[in-house]
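K.L.:
here is a sequence with its predicted model. Questions after.
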There are 2 protein chains.
Amino acid sequence: MKEGQGILTVISGFSGAGKGTVTRKILEQYDNYALSISATTRDPREGEENGREYFFKTAEEFEKMIAKDELIEYAKYVNNYYGTPKMYVQEQLQKGKDVILEIEIQGALKVKEKYPDTLLLFITPPSAQELKNRLIRRGTEEMDVIEKRMKTAAWEAQFMDQYDYIVINDELQTCVEELHAIIQSEHKKSARNLVFAEKIKEELEKEVKD
Amino acid sequence: MKEGQGILTVISGFSGAGKGTVTRKILEQYDNYALSISATTRDPREGEENGREYFFKTAEEFEKMIAKDELIEYAKYVNNYYGTPKMYVQEQLQKGKDVILEIEIQGALKVKEKYPDTLLLFITPPSAQELKNRLIRRGTEEMDVIEKRMKTAAWEAQFMDQYDYIVINDELQTCVEELHAIIQSEHKKSARNLVFAEKIKEELEKEVKD
């Protein structure tokens, strides 16, 4: 961690909590953020562009990235790899951009283990009932898919307290502003300002000696 | 610590860093704060009112408060006692108000030891030179007083990294907004939302079982 660098920020949350919308709004409303783009071996869906939704890779390319330690974290779901390329994230952090990773809980905890100064944010609706209502209101999914998502949420809820912050997404704009405030406040943590603290300490000591 | 309660917040900083002004502005601009009022055995100065600047006490009364454990912290300076009465702070925290204590470093660290969920904020000018400039610009103090204050600052700087956050007071309004964002973000810390996390976990488990 270098002072003046951006903060690696993970946003996770139950499916239906609205983390995609919230992330998009943060990127739209504030100019100090960059979104990490995942790499995957799954086929692009209609309308998806390489380098926008994902970096699309062959399994061979992906395995080379793993071998060269070019991924912050990766996992295999349903025979496809998904992972976070290191290079783009590091470039943006060095430029001072706060980089948002929108990833699942297992990935999030792996990132935190590897980079302990990662900020883990968990987004949740105010209640389980509200989560279910939102999944139903979407109207895009069958009842059995909704129930599967609720099961996943129940499993994920066990790990909520391992996140640094829990943010309730009740009113969208409030949630966006709260997340922004948390990330910007993180820059003021004393652990992230030890070089500055040392500098002013030395200046004061010099001032007193003169 | 009870969820939904206010946050006990200590604001400290070098003499000349502007912590008095910053604290006053926070109380003026936002309505969820209460300022803790210290008790002291020193005589009131002209214009000071009991219960506004300080609670003025006799030494006997103050020592009774110590004996009854009615103070969060106290210290003796130049034969006078200064301390933070517990009752008012607890009442305000229970009402959900974030209570600001504007106290010195030794007091701050004592409070944190006793109440580990206290938020310690340190305010500093951007440089030692700027601190000196501000003390000179005030124009109210002789050079030897300014030098004494710089010496105190050099001593205090050793403890800066024991604070949770270091906030640079360069532009007043920015500093006020940053402090407010830090305190409000603190409410979202997962350690302060474990009851909520447990509640939604139980709701989800129930939902999945039904």
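P.N.:
Cool, got the structure.
K.L.:
where do the helices sit along chain A?
P.N.:
Listed in chain order, the helices of chain A (DSSP state H) span residues A:19-29, A:59-67, A:86-94, A:105-114, A:128-138, A:143-156, A:172-186, A:194-209.
K.L.:
give me the number of residues near A:K199?
P.N.:
15 (other CB atoms under 10 Å in any protein chain shown). Where C-beta positions appear, they are placed from N, C-alpha and C, glycine not excepted.
K.L.:
could you check the pLDDT of it?
P.N.:
According to the prediction, A:K199 has pLDDT 96.
K.L.:
likewise for the one 3 residues further on?
P.N.:
pLDDT for A:E202: 96.
K.L.:
do the one 3 residues further on as well
P.N.:
Per-residue confidence (pLDDT) for A:E205: 94.
K.L.:
picking that back up, to B:K95, which of the helices of chain A lies closest?
P.N.:
helix A:172-186 (21.8 Å; CB to CB).
K.L.:
and that closest one, average pLDDT?
P.N.:
98.
K.L.:
with stretch A:147-158 instead?
P.N.:
94.
K.L.:
okay, the helices of chain A, which one's buried deepest?
P.N.:
Using mean count of other CB atoms under 10 Å in any protein chain shown, the stretch among the helices of chain A with the largest mean neighbour count is helix A:172-186, at a mean of 19.
K.L.:
which residues does that one contact?
P.N.:
Contact with helix A:172-186 is made by A:7, A:9, A:11, A:18, A:21-22, A:25-26, A:29-30, A:98, A:119, A:121, A:123, A:165, A:167-169, A:192, B:165, B:178, B:181-182, B:184-185, B:188, as judged by CB atoms under 8 Å, 6 or more residues apart in numbering or on different chains.
K.L.:
try 6 Å
P.N.:
With CB atoms under 6 Å, 6 or more residues apart in numbering or on different chains as the test, helix A:172-186 has contacts from A:7, A:9, A:22, A:25-26, A:30, A:98, A:119, A:165, A:167, A:169, B:181-182, B:185.
K.L.:
got it, and stretch A:61-68?
P.N.:
Outside stretch A:61-68, the residues that reach it (CB under 6 Å, 6+ apart) are A:41, A:71, A:81.
K.L.:
which ones among those residues lie within strands?
P.N.:
A:71, A:81 (DSSP state E).
K.L.:
which of the contacts of stretch A:61-68 sits closest to A:Y54?
P.N.:
Distances from A:Y54 to these, taken by CB to CB, are shortest for A:T41, at 9.6 Å.
K.L.:
just give me the neighbour total for that closest one.
P.N.:
A:T41, neighbours per other CB under 10 Å, totals 19.
K.L.:
sketch out the low-pLDDT regions of chain A for me.
P.N.:
Chain A contains residues with pLDDT under 70 at A:1.
K.L.:
near chain B, which residues of it show up?
P.N.:
Neighbours of chain B within chain A, by CB under 6 Å from any CB of the partner chain: A:128, A:150-151, A:153-154, A:157, A:160-161, A:163, A:165-167, A:181-182, A:185, A:188-190, A:193, A:197, A:200-201, A:203-205, A:207-208.
K.L.:
which residues touch the nearest residue to A:Q5 once chain neighbours are set aside?
P.N.:
Leaving aside its chain neighbours, A:Q5 sits nearest to A:L93 (5.0 Å; criterion: CB to CB, 6 or more residues apart in numbering or on different chains). By CB under 6 Å, 6+ apart, the contact set of A:L93 is A:5-6, A:99.
K.L.:
check A:I200 too.
P.N.:
B:A128.
K.L.:
now with 7 Å, please.
P.N.:
B:124, B:127-128, B:157 (CB atoms under 7 Å, 6 or more residues apart in numbering or on different chains).
K.L.:
next one: A:L120
P.N.:
Neighbours of A:L120 in contact, by CB under 7 Å, 6+ apart: A:10, A:108, A:112, A:163-164.
K.L.:
now for the residues you listed, which pair is the farthest apart?
P.N.:
Greatest spacing in the contacts of A:L120, by CB to CB: A:A108 and A:D164 (10.4 Å).
K.L.:
run a quick neighbour tally on the nearest residue to A:D43 once chain neighbours are set aside.
P.N.:
Among residues not flanking A:D43 along the chain, A:F56 sits closest, at 7.6 Å (CB to CB, 6+ apart). For A:F56, the neighbour count with other CB under 10 Å is 17.
K.L.:
could you check how far A:F56 is from chain B?
P.N.:
34 Å (CB to the nearest CB, to the nearest Å).
K.L.:
do A:M143 as well
P.N.:
Using CB to the nearest CB, A:M143 is found at 13 Å from chain B.
K.L.:
nearest to B:G51, of the helices of chain A?
P.N.:
Among the helices of chain A, if distance is taken as CB to CB, the winner is helix A:172-186, at 33.0 Å.
K.L.:
now the closest one against helix B:172-186, angle please.
P.N.:
110 degrees (axes from the mean of the first three to the mean of the last three CA atoms, to 10 degrees).
K.L.:
just the CA trace of helix A:172-186, in PDB.
P.N.:
Once non-C-alpha atoms are left out, helix A:172-186 reads as follows in PDB (Å, rounded to 0.1, in the frame of the first residue of the first chain):
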ATOM      1  CA  LEU A 172     -30.900   3.900  -4.100                       C
ATOM      2  CA  GLN A 173     -29.400   7.400  -4.000                       C
ATOM      3  CA  THR A 174     -28.900   7.300  -0.200                       C
ATOM      4  CA  CYS A 175     -27.100   4.000  -0.600                       C
ATOM      5  CA  VAL A 176     -24.900   5.400  -3.400                       C
ATOM      6  CA  GLU A 177     -23.900   8.400  -1.200                       C
ATOM      7  CA  GLU A 178     -23.300   6.300   1.800                       C
ATOM      8  CA  LEU A 179     -20.900   4.000  -0.100                       C
ATOM      9  CA  HIS A 180     -19.100   7.000  -1.600                       C
ATOM     10  CA  ALA A 181     -18.700   8.500   1.900                       C
ATOM     11  CA  ILE A 182     -17.400   5.200   3.300                       C
ATOM     12  CA  ILE A 183     -14.800   4.800   0.500                       C
ATOM     13  CA  GLN A 184     -13.600   8.400   0.800                       C
ATOM     14  CA  SER A 185     -13.500   8.300   4.600                       C
ATOM     15  CA  GLU A 186     -11.300   5.200   4.200                       C
END
